[in-house]
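*Asks:* Kindly return the folded structure for what I paste below:
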Amino acid sequence: MKFAVLVFPGSNCDIDCYKAVEDTIGQPVDFVWHTATDLSAYDCILVPGGFSYGDYLRCGAIARFAPVMNEVRKAAEAGKYVLGICNGFQILTEAGLLPGALLRNNNMKFRCHSALLEVVNNKTAFTNQYSAGEVIDIPIAHGEGNYYCDDATLEQLKANNQIVFRYVAGNNPNGSVADIAGVSNERGNVVGMMPHPERAIDQILGSEDGKRMFTSILNAWREQHGAAVNG
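*Replies:* The predicted structure follows:
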């Protein structure tokens with residue numbers, strides 16, 4: 001299984017994502033510059049955190065127009081796995097690959113600390129190694145992590161089981177609607193989340209609860225690959 005870690009001017013979690021793939025599942029992984037026009041060689045695309053294009057105009061709003069995002073859209077439509085983390089989540093919402101938007105934290109402060117999440121949907125390619133309702137410890141680091149969508153969209157998210165992670169009740173750090181920390185597209189192959197699983201892959205970092213996101217992706221790909229081979 002081959003991973004691409006996208007790199008925009010201002011990305012700063014790209015190395016973390018690269019090392020998470022390398023250290024947790026040992027699969028081939030490449031850095032891919034934002035000007036790339038072909039992602040066909042990759043099975044999973046990671047859109048990392050940081051401050052793409054300095055977060056000028058609006059978080060993710062400029063990166064959304066980078067040439068590589070046309071290829072991300074094609075990959076998503078082809079059923080490949082796409083994971084956007086923090087600024088990557090913002091980019092995916094700006095690109096229309098995920099519903100909703102990320103606003104300034106309701107306390108208007110940058111929040112950087114561990115956060116307790118509930119695994120709401122453990123049926124995605126990114127969460128199949130977790131238990132439904134499991135509480136995990138994944139750090140956050142964001143100033144614009146306040147997830148917003150209108151009431152109609154929220155009802156659709158609930159009906160389609162697109163809410164992947166929630167902040168544990170009483171521990172919402174940013175004011176996001178319905179305590180949402182991560183969502184998927186309807187198909188389930190594109191997920192965005194504000195917390196950083198790549199920063200929680202070893203106990204020395206304070207938690208290794210993020211490790212299973214990467215083993216989940218590999219597990220899903222192997223199941224899909226095995227089905228294709230056997231079919």
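
*Asks:* and Ala41, how far is that from Asn107?
*Replies:* 43 Å (Cβ to Cβ, to the nearest Å). C-beta here means a position set from N, CA and C on the backbone, and glycine is covered the same way.

*Asks:* Name the single longest helix found in the chain.
*Replies:* helix 211-230 (DSSP state H).

*Asks:* now the helix or strand of the chain with the lowest mean pLDDT, how far from the chain's geometric center?
*Replies:* Least confident element among the helices and strands of the chain, by mean pLDDT, DSSP states H and E: helix 211-230 (a mean of 84). With Cα atoms, centre = their mean, to the nearest Å as the basis, helix 211-230 stands 17 Å off its chain's centre.

*Asks:* Which residue ranges of the chain form strands?
*Replies:* Assignment of strands within the chain using DSSP state E yields the ranges 3-7, 29-33, 44-47, 81-85, 101-103, 111-119, 135-142, 146-148, 163-167, 180-184, 190-193.

*Asks:* Quick one: list the elements packing against the third one.
*Replies:* Of the remaining helices and strands, those touching strand 44-47 by 3 or more Cβ pairs under 8 Å, 6 or more residues apart in numbering; DSSP states H and E are strand 3-7, helix 67-77, strand 81-85, helix 87-94.

*Asks:* pull the CA atoms of that strand into PDB?
*Replies:* Extracted in PDB, the C-alpha atoms of strand 44-47 (Å, rounded to 0.1, in the frame of the first residue of the first chain):
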ATOM      1  CA  CYS A  44      -4.100   6.700   0.400                       C
ATOM      2  CA  ILE A  45      -3.600  10.500   0.500                       C
ATOM      3  CA  LEU A  46      -2.900  12.300   3.700                       C
ATOM      4  CA  VAL A  47      -3.600  16.100   3.800                       C
END
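
*Asks:* ok now do the closest residue to Pro197 other than its chain neighbours, which residues does it touch?
*Replies:* Using Cβ to Cβ, 6 or more residues apart in numbering and skipping the chain neighbours, the partner closest in space to Pro197 is Gly210 (3.0 Å). Neighbour list for Gly210: 20, 136, 138, 196-201 [criterion: Cβ atoms under 8 Å, 6 or more residues apart in numbering].

*Asks:* Show me the residues you listed that map onto helices.
*Replies:* Ala20.
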